[in-house]
Each structure stands twice: as structure tokens, then as C-alpha cells.
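Enquirer: Return a 3D structure for these sequence lines:
(2 chains)
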Amino acid sequence: GESVGLHLPTLSVQEGDNSIINCAYSNSASDYFIWYKQESGKGPQFIIDIRSNMDKRQGQRVTVLLNKTVKHLSLQIAATQPGDSAVYFCAENGERDDKIIFGKGTRLHILP
Amino acid sequence: DTEVTQTPKHLVMGMTNKKSLKCEQHMGHRAMYWYKQKAKKPPELMFVYSYEKLSINESVPSRFSPECPNSSLLNLHLHALQPEDSALYLCASSLTSGLFFGPGTRLTVL
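Expert: So this is what the prediction gives:
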């Protein structure tokens, strides 16, 4: 119901530890996936993307893993910092490249 | 210029008002988007323009009317909105893949 939707899943991680945020996608036709970071009061910020012909892609301190068999995507953040505190969304292109659809989001909370 | 700008930042309007949201980018991106985001929810796609033509309308009520005057500008005209339309309205642009978002307009409908 609506009350469930008001609560974002939250991941609490100690500063300096690695964070892993997971996402299950639904559309088998999706072949392009993106992770976004959204800080309070701001628009979503592009972090990293991956196409379905890859199963891993690395950026600066971030790695995205794609498992097409189980339709699962994950974002790994190395050495988590206070500035990483935000809501993280995965997104997929569904049936067409210009139609980017967002998943539910996970709030990352950094413990001092 | 590597950003998407949106005006106004905040807007309060009555249900009988007509107002417009504006979005601008100078990155040469050919696709521009409107998303609506309610609190603690993901952004929901509303409209997509590709090469200044409307390519996607996600069954959005006609009280929301998009316009793309040129490749750098995107407007969202609002008329006779309802209180449940209160949300953060996000504009984004894209060259080939990946969206670049503006900061959004926080809309409150009284």
C-alpha cells in the first residue's frame, strides 16, 4: 500500500567500509543500465552505466555488476565516505533507448 | 556549459492558475525529458522530446502540456492542476545514452 512506498530501503555502512547496493530489474528487453545518486534537494546525478554485453564495469571508487540470468544489478562503492550519503537509484532502458525507467531507490547512510 | 538549468526553483500555484516550468541545456543534447518525482519515490517519466519532436508521452493528463521551442529549451505548461500534482519536476537531457538532470522545480499546488 501507500504507507510501504513511503519507506525507502536503507543501507547503513561504516565510514571507510565498502558499500554494496542491489537492484532487481524486471524487463528482459533492457540492455542498458545506469546508477544515479540523488542528494537531498538535488536532481539525480549520473554515476556509472553498463550495457548488457558486459557483466562488470569500473569507475573511480565504483563498480557496477550485471547478472542478466537473474536480472540483478549491483553498485559497489569502495571506501565509503560521508559524501556518499544519498539515495541511489538504478535505471534501465526497457523496450527503447530513450525511455529510461527508474527503480525504487536505496538510501545509503554512513556511520561515523 | 555542462549543465541543465531549470527555473523557477520553487513554484506555488492555485488550481486555477496557469504557469510554466522552463529547462535549458547548451550541451548539444538532442533528447530532452520531463520527470515527476514525489517524496521518497523514484522519478517517473512524463515526456520525451527527440530532435524537438515529442517521442514519448507516458499517458500524462492534458493539464500538463510540454513544448520544445528549440534544441536547447524545454517547457512544461501547467493549467488547472490538482494538489496531488505537487512534486519535484525534473528536466533531463541526453546525447546518446545516460541522462543529465537539472536540479528540479519544487511545485506546490494549493
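Enquirer: now do the same end-to-end measure for stretch A:76-95.
Expert: Counting by C-alpha to C-alpha, to the nearest Å, the length from the leading to the trailing residue of stretch A:76-95 is 26 Å.
Enquirer: Show me which residues of that stretch are buried.
Expert: By neighbour count, with 16 or more other C-beta atoms under 10 Å in any protein chain shown as the criterion, the buried positions of stretch A:76-95 are A:77, A:80, A:84-94. (Each C-beta comes from the backbone N, C-alpha and C, glycine too.)
Enquirer: Which phi and psi values does the spatially most central residue of chain B adopt?
Expert: The residue lying closest to the centre of chain B (C-alpha atoms, centre = their mean) is B:W34, at 3.5 Å. Dihedral angles phi and psi of B:W34 (degrees, to the nearest 10) take the values phi -120, psi 130.
Enquirer: Dig out what it forms beta bridges with.
Expert: On the basis of DSSP bridges, B:W34 is bridged to B:F47, B:C91.
Enquirer: Tell me the spacing between it and B:P43.
Expert: 10 Å (C-beta to C-beta, to the nearest Å).
Enquirer: cool, and A:A91?
Expert: Remark: distance between A:A91 and B:P43 (C-beta to C-beta) = 9 Å.
Enquirer: Touching both of the two, which residues are there?
Expert: In terms of C-beta atoms under 8 Å, 6 or more residues apart in numbering or on different chains, A:A91 and B:P43 are both contacted by the residues A:F102.
Enquirer: Stretch A:43-62 close to chain B?
Expert: Yes. Applying C-beta under 8 Å from any C-beta of the partner chain, one finds stretch A:43-62 touching chain B at A:G43, A:P44, A:Q45, A:F46, A:D49.
Enquirer: What is the three-state secondary structure of the nearest residue to the last one once chain neighbours are set aside?
Expert: This points to A:D49. For A:D49, ignoring the flanking residues on the chain, the nearest one in space by C-beta to C-beta, 6 or more residues apart in numbering or on different chains is A:I34 at 4.5 Å. The three-state assignment at A:I34 reads strand, by DSSP: H, G, I helix; E, B strand; the rest coil.
Enquirer: Might you report the residue contacts of A:I34?
Expert: Per C-beta under 8 Å, 6+ apart, neighbours of A:I34: A:F46, A:I47, A:I48, A:D49, A:C90, A:A91, A:E92, A:I100, B:G98, B:L99.
Enquirer: I'd like to know which of the residues you listed is nearest to B:V12.
Expert: Using C-beta to C-beta, B:L99 is the member of those that sits closest to B:V12, with 27.3 Å.
Enquirer: The closest one touches A:Q45, doesn't it?
Expert: No. With contact defined as C-beta atoms under 8 Å, B:L99 does not count as touching A:Q45 (10.2 Å).
Enquirer: So these two - more neighbours on which side?
Expert: B:L99 (27 against 13; other C-beta atoms under 10 Å in any protein chain shown).
Enquirer: Need phi/psi at that one.
Expert: Taking degrees, to the nearest 10, you get phi -100, psi 140 for the backbone angles of B:L99.
Enquirer: Could you report the neighbour count for the nearest residue to it once chain neighbours are set aside?
Expert: Among residues not flanking B:L99 along the chain, B:A92 sits closest, at 4.1 Å (C-beta to C-beta, 6+ apart). The burial metric for B:A92, expressed as a neighbour count using other C-beta under 10 Å, is 26.
Enquirer: Just the buried ones among the residues of stretch A:43-62 next to chain B, please.
Expert: Among those, the ones that count as buried by 16+ other C-beta under 10 Å are A:G43, A:P44, A:D49.
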